[in-house]
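Asker: Requesting a structural model of the entry that follows:
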Amino acid sequence: MKHIGIVACSAEGAALCYQAIGRESLTLVGKNDHPRVTLDSIPMARWMPAFDAGDYAGVARFMLASARLLAAAGADFAICPDNSAHLAWDHVQAETPIPWLHIAKVAGEEAARRGFRRVGVLGTRFTMNGPVYRDALGALGIDTVVPEGADFDTVDRVIFTELVDGVFTDASRQAYNEVIARLRDRGCNAVALACTEIPLLVRPSESPLPTLDSTRLLAAAAVREALAGTPGPRIADPRSVLAVRDLELSTRFYTEVLGFRRDPIDAAGWSFLSRDGFKVMLGECPDVRPAGELGDHSYFVYLRVHGLDALHRELSSRGVDVISPPADKPWGLREFGIRTPDGHRITFGEPIPAA
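Answerer: Numbers count the residues shown, from 1 in each chain. Alright, predicted model coming up:
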């Protein structure tokens with residue numbers, strides 16, 4: 001596997017990116033395994049004068065200093081989870097010792113894959129005013145829209161006065177959701193969370209629009225790049241495919257009850273659903289026997305979650321058929337199980353905290 005180098009700007013965002021690489025690797029590499037990662041973090045305070053002055057050659061000097069250190073440490077390529085830093089891209093590419101992945105290009109590829117044609121962009125004032133997302137998504141035929149007026153100021157203010165300091169409040173979350181709703185009203189069918197820390201504030205299940213989490217998308221792309229050329233076949237995009245009798249009823253259960261989003265893929269007789277990286281394809285088969293009638297007690301999927309007991313209370317309050325209540329298992333996980341309207345079984349699990 002290739003060695004990943006992370007060029008950090010803000011501590012919160014870089015930490016999320018590193019964590020996301022580990023979690024993505026659970027599926028693509030294996031338990032307790034991931035590509036080697038080296039992270040270099042020049043304090044954000046050193047970067048800010050160059051950003052404020054619009055001196056992107058100056059921003060590039062920080063990125064290149066980190067890139068050289070990472071190259072010396074053995075990194076095969078670099079990523080920077082700071083979206084605004086990509087305004088210095090051309091300066092960096094002229095002198096970099098190792099290749100880079102571009103965060104906006106990664107987000108644009110995901111937007112195109114999911115069929116989004118008009119994407120709202122939330123980020124710092126530098127990102128929202130700049131060409132990074134406009135150019136990367138525009139090259140794919142996707143329009144970009146940024147907040148206007150007070151919404152623009154709110155998005156930027158919350159980033160610099162709260163998010164980069166690890167402060168995440170319900171009031172700011174509500175304010176961001178209201179901004180996203182107004183982007184929806186302007187014709188957007190998705191929103192790019194184009195600041196490293198915004199995914200820590202905006203919850204996909206509550207967002208008025210489907211989200212493009214630039215940080216986690218970059219982390220996933222980095223893992224795939226690290227595995228490129230690795231001998232042997234690997235599973236790259238796991239999903240479940242289920243036959244259902246009533247597509248509309250089943251789709252409503254996954255979206256309204258379980259919090260999945262319906263991806264805008266136009267295919268008659270199918271629903272494409274996703275939540276937090278897990279994907280389900282529902283295919284309408286009116287004559288299929290419900291799973292519950294087949295005497296099959298297997299579970300069609302096992303989902304590791306955070307906040308298992310809170311999730312159990314939430315689903316129970318919505319009338320979900322809980323077939324096994326939360327219980328600690330001898331293999332170190334706390335689990336509960338549900339049954340969907342079609343009889344498919346899902347188990348949710350979470351590691352038992354150390355005593």
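Asker: who's Pro284 bridged to?
Answerer: That one is not Pro; residue 284 is Glu. When bridges are taken as DSSP bridges, the partners of Glu284 come out as Val244.
Asker: Double-check Arg318 against Val257; I have them as touching.
Answerer: Yes - with contact defined as Cβ atoms under 8 Å, Arg318 and Val257 form a contacting pair (5.2 Å). For every residue, glycine as well, the C-beta is placed using N, CA and C.
Asker: And those two? Which one has more around it.
Answerer: In this view Arg318 and Val257 are compared by other Cβ atoms under 10 Å, and Val257 has more residues nearby, 16 against 11.
Asker: Quickly run through the sheet partners of the worst-scoring helix or strand of the chain on mean pLDDT, with directions.
Answerer: Across the helices and strands of the chain, the lowest-confidence element by mean pLDDT, DSSP states H and E is strand 301-304, at a mean of 85. Strands adjacent to strand 301-304 in the sheet, as given by DSSP bridges, are strand 345-351 (parallel).
Asker: what comes up buried for stretch 182-192?
Answerer: 183-184, 188-192 (16 or more other Cβ atoms under 10 Å).
Asker: pLDDT score for Pro238?
Answerer: Reported pLDDT at Pro238 in the predicted model: 71.
Asker: let me fix that: Leu26
Answerer: We note a pLDDT of 85 for Leu26 in this prediction.
Asker: before we move on, which element is it in?
Answerer: Counting by DSSP states H and E, the element that carries Leu26 is helix 11-28.
Asker: do the same with Glu206
Answerer: If you go by DSSP H and E, Glu206 is not part of any helix or strand.
Asker: How about Met48?
Answerer: In this structure, Met48 is located in helix 44-52 according to DSSP H and E.
Asker: So which elements touch that helix?
Answerer: On a contact count with 3 or more Cβ pairs under 8 Å, 6 or more residues apart in numbering; DSSP states H and E, helix 44-52 meets helix 56-72.
Asker: can you give me the angle the helix it packs on makes with helix 44-52?
Answerer: 140 degrees (axes from the mean of the first three to the mean of the last three Cα atoms, to 10 degrees).
Asker: Show me which positions of helix 56-72 end up buried.
Answerer: For helix 56-72, a neighbour-count test (16+ other Cβ under 10 Å) marks 56, 58-64, 66-67, 69-71 as buried.
Asker: who touches stretch 14-33?
Answerer: Residues outside stretch 14-33 that contact it (Cβ atoms under 8 Å, 6 or more residues apart in numbering) are 1, 4, 6, 8, 34-35, 37, 39, 41, 79, 81, 196-197, 199-200, 215-216, 218-220, 222-224, 227, 234-236, 238, 277.
Asker: Show the buried residues in those.
Answerer: Burial by neighbour count, judged by 16+ other Cβ under 10 Å, picks out 1, 4, 6, 8, 34-35, 37, 39, 79, 81, 196-197, 199-200, 215-216, 218-220, 222-224, 227 from these.
Asker: still on that earlier bit, run the chain-centre distance for the helix holding Met48.
Answerer: On the basis of Cα atoms, centre = their mean, to the nearest Å, helix 44-52 sits 26 Å off its chain's mean C-alpha point.
Asker: Could you give the average pLDDT over that helix?
Answerer: Helix 44-52 carries an average pLDDT of 95.
Asker: Only alpha carbons, please: show it as PDB.
Answerer: In PDB, the C-alpha atoms belonging to helix 44-52 read as follows (Å, rounded to 0.1, in the frame of the first residue of the first chain):
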ATOM      1  CA  MET A  44      -3.100  27.600  11.400                       C
ATOM      2  CA  ALA A  45      -2.100  30.900  12.900                       C
ATOM      3  CA  ARG A  46       0.900  30.900  10.600                       C
ATOM      4  CA  TRP A  47      -1.300  30.500   7.600                       C
ATOM      5  CA  MET A  48      -3.900  33.100   8.300                       C
ATOM      6  CA  PRO A  49      -2.000  36.300   7.300                       C
ATOM      7  CA  ALA A  50      -1.400  34.900   3.800                       C
ATOM      8  CA  PHE A  51      -5.100  33.900   3.500                       C
ATOM      9  CA  ASP A  52      -6.200  37.400   4.700                       C
END
